[in-house]
Each structure stands twice: as C-alpha cells, then as structure tokens.
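J.: Return atomic coordinates for the entry below.
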Amino acid sequence: MTEKDHAHNAALDRSLIRLFIDAPLAAGGTAALSAMQSNYLVNVMRLMRGVELLVFNGLDGEWLATLAATSKNNAAVALIRQVRPQMSGPDIHYLFAPIKRAKLDYVVQKATELGAAVIRPVMTRRTNAERINVERLQANVIEAAEQCGVLRMPEVLAPSKLEKALDQWESSRRLIYCDEAAPIASPLAALAHITPGPLAVLIGPEGGFDPAERERLMRLPFVHALSLGPRIMRADTAGVAAMALINAALGDWRAQE
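T.: Predicted structure coming up:
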C-alpha cells in the first residue's frame, strides 16, 4: 500500500476519533489538546500513547495524528500527514430567528453539516427565545463538524436585530427568505431566477415575520422570497429544507460545469 493509499484510507476510517484543534497543523508538529479533550481521551476512552486519530482546525485540512502525551489534563497529539486538503464550500450565510434551546442546538448543527459559511442569529419582532449563548453555538458547530467529517468551520456571529442586519447588508449578497406566501409557489422555479454567487438564507421565527418586517424584506432589491411548498414547517425543519434546496440549485450540490 502506498503512502497516498494509506492517507486515503485514514480519511475514510470512521472508527478513528476526530477532533477539532484550535492550533496550526503541519507535518512533524505537535498540538496540545484542551483539558476537556485530554480528559475525554485519557480518562473516558482510556486511549494509550500511539493511538491514531484524525484532527482538523478548519484551515489546514485533516491530519492523521497519534496520541503523543497522555496526561489527563494536558494530552497532545503528534501530526503524521495530511489525509484531506482543506475544502471551501458554498458561500452561504445562515441567518435565523432563535428558538428554544434544544431546537437551537439542532439548527446550528444542521447548518454546519449543510455547509454554511456564516451562522448568525437575528432577533425579529416575534422572536421568543432566551439570551443567546454564542459559546454554546460554537460548541455545537464543533460537535457537528467532528461527527460529520466537515472541514470548513462556519463563523458564528453575535446576535443582532433583523433591522440592523438589513441596514448594514452588502447588496451583492442576495438574501433568500422563507415565505409561505411567496409569489412563486415552486421553490425550484423561484431559485431558477437567481444566479449563483454570494448568498444568504433567512429563517423567521415560529410565528412568522411581523407584517412590517415582511413588507420591508419585499421592498429590498437584493431579497428573494422562497416558498417551501404546500405544507407549513417548523422553523428548524424549514432551515434544513431551505439549505438543501439552495445547495442543490445554487450551491455546491449542483452539477459542476
């Protein structure tokens, strides 16, 4: 087996533990693990020195590594070789009105799996949620990326009011918002009117957008309304459906020319 084959097999080996490490990754280097990661590997999983695992940092691709130090609070890994180069992904920002905490975790995890470049909570007039914990959102991003093989880590932005986000919007990025009363009933037909490029998807609160918010969205030249079909969906389901449709029509799921 060649070194290339070994690297390819390592990248596909789902039995290996996969960790996000907030440190530069390069051949021959070492990287310290956090106290939580060290405790998990040494005390919970009871891994020994030399065990192979996969590590990534969202910038330098995925690396095959071995557990080089096994202190329960200060473990470290030794980097062997890169097994996957860094991937970019679609230029899609995911904006959503926060919902209850358990569903909020789900929303952030699924947005990460579906390739969002940026995750941004926006407070609408009908948003009914507790204070948003950005660190918890970031932890959910990491968990989803570790479990699903994601290499690009979406940037998590602090919450802002929808009005402020629209005031500061860059018009070159088209904003697609989900609206059951969109003028074009077919989501695929609506997306066919938009050319690929920088995009954002906006998912409203459980009660829908306030009429004044919807009116403003409809007036903005960079905004497009998107129907999600004949059934009413919960906000967390709508987010997954919208991201899937946009990826298929305008993102990196579509056939490459």
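J.: Please name the nearest non-neighbouring residue to Glu146.
T.: In space, and not counting its chain neighbours, Glu146 is closest to Arg18: 5.0 Å by C-beta to C-beta, 6 or more residues apart in numbering. C-beta here means a position set from N, CA and C on the backbone, and glycine is covered the same way.
J.: and that neighbour, how many neighbours does it have?
T.: Neighbours of Arg18 under the rule other C-beta atoms under 10 Å: 17.
J.: Let's verify Ser38: helix, strand, or coil?
T.: Secondary structure, DSSP: H, G, I helix; E, B strand; the rest coil: Ser38 is helix.
J.: got the contact list for the spatially closest residue to it that is not a sequence neighbour?
T.: With sequence-adjacent residues excluded and distances taken as C-beta to C-beta, 6+ apart, Ser38 is closest to Ala75, at 3.8 Å. By C-beta atoms under 8 Å, 6 or more residues apart in numbering, the contact list for Ala75 reads Ala32, Leu33, Gln37, Ser38, Leu41, Val42, Leu67, Ala69.
J.: Relative to Asp60, how far out is Ala75?
T.: Using C-beta to C-beta, to the nearest Å, we find Ala75 at a distance of 20 Å from Asp60.
J.: Over to Asp167?
T.: Asp167 is 36 Å from Asp60, by C-beta to C-beta.
J.: So these two - more neighbours on which side?
T.: Each of Asp167 and Asp60 has its neighbours counted (other C-beta under 10 Å); Asp60 has more, 18 against 9.
J.: tell me which element that one falls in.
T.: Counting by DSSP states H and E, there is no helix or strand that carries Asp60.
J.: Surely it and Ala23 touch.
T.: No - using C-beta atoms under 8 Å, Asp60 is not in contact with Ala23; the gap is 9.4 Å.
J.: do you know how far the closest residue to Ile184 other than its chain neighbours is from Ala75?
T.: Among residues not flanking Ile184 along the chain, Ala190 sits closest, at 4.2 Å (C-beta to C-beta, 6+ apart). Noted for Ala190: a distance of 50 Å to Ala75, by C-beta to C-beta.
J.: Check Leu166 too.
T.: According to C-beta to C-beta, Leu166 and Ala75 sit 46 Å apart.
J.: again with Glu135
T.: Glu135 sits 22 Å away from Ala75, going by C-beta to C-beta.
J.: With Val55 instead?
T.: 12 Å.
J.: try Ala192
T.: 51 Å.
J.: next one: Glu206
T.: 43 Å.
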